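Chemist: fold the following.
(6 chains)
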Protein chains: 6
Amino acid sequence: MWYYEKKLQYPVRVSTCNPKLARFLIEQYGGADGELAAALRYLNQRYTIPDRVIGLLNDIGTEEFAHLEMIATMVYKLTKDATPIQLKEAGLGSHYVNHGKSLYYENAGGESFTVAYIQSKGDPIADLYEDIAAEEKARSTYQWIINVSDDPALNDSLGFLREREIVHSQRFREAVELIKEEQGQKKAY
Amino acid sequence: MWYYEKKLQYPVRVSTCNPKLARFLIEQYGGADGELAAALRYLNQRYTIPDRVIGLLNDIGTEEFAHLEMIATMVYKLTKDATPIQLKEAGLGSHYVNHGKSLYYENAGGESFTVAYIQSKGDPIADLYEDIAAEEKARSTYQWIINVSDDPALNDSLGFLREREIVHSQRFREAVELIKEEQGQKKAY
Amino acid sequence: MWYYEKKLQYPVRVSTCNPKLARFLIEQYGGADGELAAALRYLNQRYTIPDRVIGLLNDIGTEEFAHLEMIATMVYKLTKDATPIQLKEAGLGSHYVNHGKSLYYENAGGESFTVAYIQSKGDPIADLYEDIAAEEKARSTYQWIINVSDDPALNDSLGFLREREIVHSQRFREAVELIKEEQGQKKAY
Amino acid sequence: MWYYEKKLQYPVRVSTCNPKLARFLIEQYGGADGELAAALRYLNQRYTIPDRVIGLLNDIGTEEFAHLEMIATMVYKLTKDATPIQLKEAGLGSHYVNHGKSLYYENAGGESFTVAYIQSKGDPIADLYEDIAAEEKARSTYQWIINVSDDPALNDSLGFLREREIVHSQRFREAVELIKEEQGQKKAY
Amino acid sequence: MWYYEKKLQYPVRVSTCNPKLARFLIEQYGGADGELAAALRYLNQRYTIPDRVIGLLNDIGTEEFAHLEMIATMVYKLTKDATPIQLKEAGLGSHYVNHGKSLYYENAGGESFTVAYIQSKGDPIADLYEDIAAEEKARSTYQWIINVSDDPALNDSLGFLREREIVHSQRFREAVELIKEEQGQKKAY
Amino acid sequence: MWYYEKKLQYPVRVSTCNPKLARFLIEQYGGADGELAAALRYLNQRYTIPDRVIGLLNDIGTEEFAHLEMIATMVYKLTKDATPIQLKEAGLGSHYVNHGKSLYYENAGGESFTVAYIQSKGDPIADLYEDIAAEEKARSTYQWIINVSDDPALNDSLGFLREREIVHSQRFREAVELIKEEQGQKKAY
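Modeler: Residues are numbered from 1 along each chain as shown, chains lettered A, B, ... in the order given. Just a heads-up that it's a prediction; the model follows:
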């Protein structure tokens, strides 16, 4: 089980009210390769992955929830001072009439999150490559958002998150080698 | 952010390998009124709910993740000793060919989880009635599962979870009255 | 069964051709808390709700179809004189290339209607709270649309519909108390 | 707008409690080519179809709601006397844990209804062929259900509904010829 | 099985970098009545259609893949020289943060492709009317895109594709008559 | 564009009419990691992958369509001689009432195919890890199907397909190294 502490993993700053940018950022909240998808994927795979990798999935899965909270905080900060008319002018009118000023697990195009984005095969090699791919795709998404962002303060936090994905990808690559080695030894005896 | 501790909120026991029952239980893992839906709903609404209710949403949302983990543990225990052929005979063949023996966020009918199940309107009264409805629906689901369960040990844990939903529903009803009172005062001045 | 009469429940006026506004309004046609969702929800629950509430679900369900027709008429009036190029300029180009000038059951973001938005649990308390939540969410949606609308004539009709949702919510709250009382009496004997 | 009268378009009888058959029948309640899909498709197309065909769409759309109610009544009659255990044994356990004994707009495989099943193009010829195809597909579905049904009383009602689809298909074929003729005359002048 | 040859069925030209137009064109790549839907529909129906129509489904299904490739090439040409900022300004920012500059099977509104758009009933008359409707709907889509296009060079290729849909529709109409005749003869003996 | 030749990539044999097995096999026709998903993923990524990998994606994408056809042929052979009642007894009744004896792009649980299963990021490293993961997941699926299959003749064909996925995975691993090397050289100068 989890305990909540009222702080963020890494401080989040935004330069100004900027709902247009919020729209892009929501991709990492409820999009195909966003933080929700990541957290759910890893925590779900824990039950059938070999013992040596359970802790890794647990740690990264829990960290992704912290990232999810960071993204939520950013989106909230970018939109909290906007009027309905300003949201409309920023292209968030369709979000506003459905959800008011609250958040929702959707991608930048407004498509609702579905777990069809993630997979769990019960095969350790397949699951770990799924995880490496997930981290590489999340890294790309952060890069694409940074490329269209006009807020340097926000980009600092996004840069932190992008770096974390690179670290996670590396950890999963090590895990896949470890499992392959373990499987090779089993076959050897 | 959250910290993980390796223990369950409430101990989970199952009487025997019972994949047929696992199939029904998965409803509360990835179904419309399951624990994942509940956790995601409450934690998402935190940003635009009035201050006095944020802590409640945070507490219950975090607890629902603990429930999610309890359900996952139950499903795993009910299936871990089953062979592929036993899974097939228990009606889990279609799950097995897609996910092997791993878990997946789906309902008892095998339909993948979608956030279309949940809503966030950015209106506190609407959001709290959404939450009360969610708890009442979760309570019903636990009752329906208990009605078709043949495992008394499991039913003890399910009874605990059903009671928690009743408590949560009561807390949300109190919150809705509190918000109505607050809104009434605003209008009075 | 139903009989159709060629009139609207309440007259619908729009000030001018206004496809941008039509885009927001479509939320109540095919969105998560729109009139279609409401009608389908109540009429479907009729079969397992206690006898004393069947008539209420039937009446409100039938009225929601009348509201659906009002929304359709508004959307049609707001768009019928627009050229394809005007639709494109109003942000309706993606709707136009898929559906021409016809209507479609989708939300303001263009996401197709799914019954995953609605629920029926076969438990009267859960179903009635689902219905109260639905009405409160629909009330919010009308408010959010009014907040971004620039057509006073349309807002008059929307105000009528918003009021109806408040009345329905009240009726469902009375029904939930009535059922609780009935259940209490059963337990007493 | 519509007026409800408490009677069915055609009397509905079932021989006995038969939840297995109910599962197949639900295909016509919430499946791709079921009565809900049909009603929503025709009523939605009314706004942009040429005037001469509006009445036809209105009449058939309204009749499909009457059919939807017949299907609902059949499903209810086939299941109302079944215990949870009997539902489980009939393969309806996954439906029961999600919806209790209530109905839901889903197909026989338990997949939730989506309007992606239907289309509206705003082109009269395309829309009418969509409608002819819909009726032919509904006719097939009724045939497939009759082929696996073991209830002669129910098959009588299903036979009535299948015949109505054939009549509707014929009416839509006449309409498409009428529109082609009208379009030909326009081009001639 | 299929063999690939590196050429397009019909040459594809675009006048200039035009990401706004690409957004509309994507409707025929991954939309409800697009080329992917068409190809998958016909090739899937081959197995249960009467022998005399198998070749027709095979030919048209294979041709639709060639059309899909033409659309992909057009979309790529319209966007390849655009910077991220230009994509953002053209309304493609939400696509960019999810998919970078790569393609994706989605409609103009950004909704992911689902096979719920297509049907296969195993009844030859129903399946062929499904196919006629599909071609008429694709024809309409091409017309709607041409109506909002500002690129005459592209419109030439789109005109070619629209004409092919008309030819296919005619072929399917002939096939439906042929099957009806065959069924009539069976009944006569 | 593609040319069709009326032969299979590898001969397909089934021992006997076996609709229960067909149900599992359909996972590789329209499931998350099936042949359709694979073909669509690779062919779509061709436009933005570096030149040196285009041919590989093209070859493997085209081969996956050949595999899709092999799966379709297997499913058809396993079911073509079954009566509706036999299909019902084999657990295919819900498929039959929707699709008769025709095929459909769905997974073993009857869930319709969606492109949410696949991704294209426009980043070569991310896309190639997506592809490696896809092949590893497909390999697992074949293994899970073989584990529940009772048809040795069919298992021979499935073994062939499983081996092809292993070869493809290896090819994509080589490609990812090649791209990394290329990127390293760019950074070096």
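Chemist: do any residues in stretch A:37-51 lie close to chain B?
Modeler: Yes - with Cβ under 8 Å from any Cβ of the partner chain as the measure, stretch A:37-51 is seen reaching chain B through A:40, A:44-45, A:47-48. C-beta: built from backbone N, CA, C; applies to glycine.
Chemist: would you agree A:Leu8 falls within a helix?
Modeler: No - counting by DSSP: H, G, I helix; E, B strand; the rest coil, A:Leu8 falls outside a helix, being coil.
Chemist: so where do the helices sit in chain A?
Modeler: Assigned helices in chain A, in chain order: A:19-25, A:27-30, A:35-45, A:51-79, A:84-87, A:93-99, A:124-148, A:152-188 (criterion: DSSP state H).
Chemist: any idea which of these scores lowest on pLDDT?
Modeler: When the helices of chain A are ranked by mean pLDDT, helix A:152-188 comes last with a mean of 94.
Chemist: please name the residues that touch A:Ser102.
Modeler: B:44-45, B:47-48, B:120-122, B:127 (Cβ atoms under 8 Å, 6 or more residues apart in numbering or on different chains).
Chemist: for it, which non-adjacent residue is spatially closest?
Modeler: B:Gly122 (3.6 Å; Cβ to Cβ, 6 or more residues apart in numbering or on different chains).
Chemist: spit out the contact partners of the one you found.
Modeler: By Cβ under 8 Å, 6+ apart, the neighbours of B:Gly122 are A:99-102, B:48, C:140, C:144.
Chemist: let me know the distance separating it from A:His99.
Modeler: Note on B:Gly122: its distance to A:His99, by Cβ to Cβ, to the nearest Å, is 6 Å.
Chemist: and for A:Ile49?
Modeler: Look at A:Ile49 and A:His99: by Cβ to Cβ, they are 36 Å apart.
Chemist: show me what from chain A comes close to chain C.
Modeler: A:84-85, A:87-88, A:93-98, A:100, A:109-112.
Chemist: so which of those residues would you say is closest to chain B?
Modeler: Set against chain B, the nearest of the residues of chain A next to chain C by Cβ to the nearest Cβ is A:Gly100 (2.5 Å).
Chemist: give me the neighbour count for the closest one.
Modeler: The local packing of A:Gly100 (other Cβ atoms under 10 Å in any protein chain shown) involves 22 other residues.
Chemist: phi and psi next, for it.
Modeler: The phi/psi pair for A:Gly100 (degrees, to the nearest 10) reads phi 60, psi -140.
Chemist: once you drop chain neighbours, what's closest to it?
Modeler: That would be B:Gly122: by Cβ to Cβ, 6+ apart, it lies 2.5 Å from A:Gly100.
Chemist: let me know the pLDDT of the one you found.
Modeler: On the pLDDT scale, B:Gly122 gets 98.
Chemist: measure it to chain F for me?
Modeler: 26 Å (Cβ to the nearest Cβ, to the nearest Å).
Chemist: separation between that residue and B:Ile49?
Modeler: 9 Å.
Chemist: A:Ser102 too?
Modeler: In this view, A:Ser102 and B:Ile49 are 8 Å apart by Cβ to Cβ.
Chemist: my read: A:Ser112 touches B:Tyr117, true?
Modeler: No - using Cβ atoms under 8 Å, A:Ser112 is not in contact with B:Tyr117; the gap is 9.4 Å.
Chemist: comparing the two, which shows the higher neighbour count?
Modeler: Neighbour totals were compared for A:Ser112 and B:Tyr117, and B:Tyr117 leads with 26 against 21 (other Cβ under 10 Å).
Chemist: which non-adjacent residue is nearest the more buried one?
Modeler: Per Cβ to Cβ, 6+ apart, closest to B:Tyr117 is B:Ala32, 4.4 Å.
Chemist: kindly report the same for A:Arg173.
Modeler: A:Ile132 (5.9 Å).
Chemist: show me what contacts the one you found?
Modeler: The contact partners of A:Ile132, by Cβ under 8 Å, 6+ apart, come to A:169, A:172-173, A:176, F:129, F:132-133.
Chemist: if you set the cut-off to 7 Å instead, what comes out?
Modeler: For A:Ile132, the contacting residues are A:169, A:172-173, A:176, F:129, by Cβ atoms under 7 Å, 6 or more residues apart in numbering or on different chains.
Chemist: equivalent analysis for A:Phe172, please.
Modeler: Taking Cβ under 7 Å, 6+ apart as the test, what A:Phe172 contacts is A:128, A:131-132, A:135.
Chemist: quick one: the most centrally placed residue in chain A from D:Ala138, how far?
Modeler: Geometric centre of chain A, nearest residue: A:Glu35, 1.7 Å, by Cα atoms, centre = their mean. For A:Glu35, the distance to D:Ala138 equals 44 Å [Cβ to Cβ].
Chemist: which of the residues of chain A next to chain C count as buried?
Modeler: Neighbour-count burial (16 or more other Cβ atoms under 10 Å in any protein chain shown) is assigned, among the residues of chain A next to chain C, to A:84, A:87-88, A:93-98, A:100, A:109-112.
Chemist: got CSV for those, with distance to D:Asn155 too?
Modeler: Supplementary listing: those in CSV, determined by distance: Cβ to Cβ, whole Å:
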residue, distance to D:Asn155
A:Pro84, 56
A:Leu87, 55
A:Lys88, 55
A:Gly93, 51
A:Ser94, 47
A:His95, 49
A:Tyr96, 51
A:Val97, 47
A:Asn98, 44
A:Gly100, 50
A:Gly109, 47
A:Gly110, 45
A:Glu111, 42
A:Ser112, 40
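Chemist: from those residues, pick the one nearest chain F.
Modeler: Using Cβ to the nearest Cβ, those come closest to chain F at A:Glu111, 8.6 Å.
Chemist: and chain A, which residues reach chain E?
Modeler: With Cβ under 7 Å from any Cβ of the partner chain as the criterion, chain A meets chain E at residues A:23-24, A:27, A:31-32, A:107-109, A:111, A:140-141, A:144-145, A:147-148.
Chemist: among those, which two are most distant?
Modeler: A:Glu111 and A:Asn147 (21.0 Å; Cβ to Cβ).
Chemist: number of residues surrounding A:Thr48?
Modeler: Using other Cβ under 10 Å, A:Thr48 has 21 other residues around it.
Chemist: show the contacting residues for it.
Modeler: Contacts of A:Thr48 (Cβ under 7 Å, 6+ apart): A:122, B:100-102.
Chemist: in JSON lines: these, plus distance to C:Glu165.
Modeler: Below are the contacts of A:Thr48 laid out as JSON lines (distance: Cβ to Cβ, whole Å):
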{"residue": "A:Gly122", "distance to C:Glu165": "46"}
{"residue": "B:Gly100", "distance to C:Glu165": "47"}
{"residue": "B:Lys101", "distance to C:Glu165": "47"}
{"residue": "B:Ser102", "distance to C:Glu165": "43"}
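Chemist: closest to B:Asp156 among those residues?
Modeler: B:Lys101 (25.0 Å).
Chemist: do you know how far that closest one is from chain D?
Modeler: Computed as Cβ to the nearest Cβ, the B:Lys101 to chain D distance reads 19 Å.
Chemist: do the same with A:Ser149
Modeler: 33 Å.
Chemist: A:Ser140 now?
Modeler: Distance from A:Ser140 to chain D, by Cβ to the nearest Cβ: 28 Å.
Chemist: now that residue. Nearest residue, chain neighbours left out?
Modeler: Nearest to A:Ser140 is F:Asp123, by Cβ to Cβ, 6+ apart, at 3.9 Å.
Chemist: quick check: that neighbour vs chain B, distance?
Modeler: Between F:Asp123 and chain B the computed distance is 26 Å (Cβ to the nearest Cβ).
Chemist: that residue and E:His99 touch, don't they?
Modeler: No - using Cβ atoms under 7 Å, F:Asp123 is not in contact with E:His99, being 9.7 Å away.
Chemist: count of neighbours near A:Ala133?
Modeler: For A:Ala133, using other Cβ under 10 Å, the count is 28.
Chemist: ChimeraX command to pick out the buried ones of the contacts of A:Phe172?
Modeler: A single ChimeraX command selects the buried members of these (16+ other Cβ under 10 Å):
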select /A:128,131,132,135
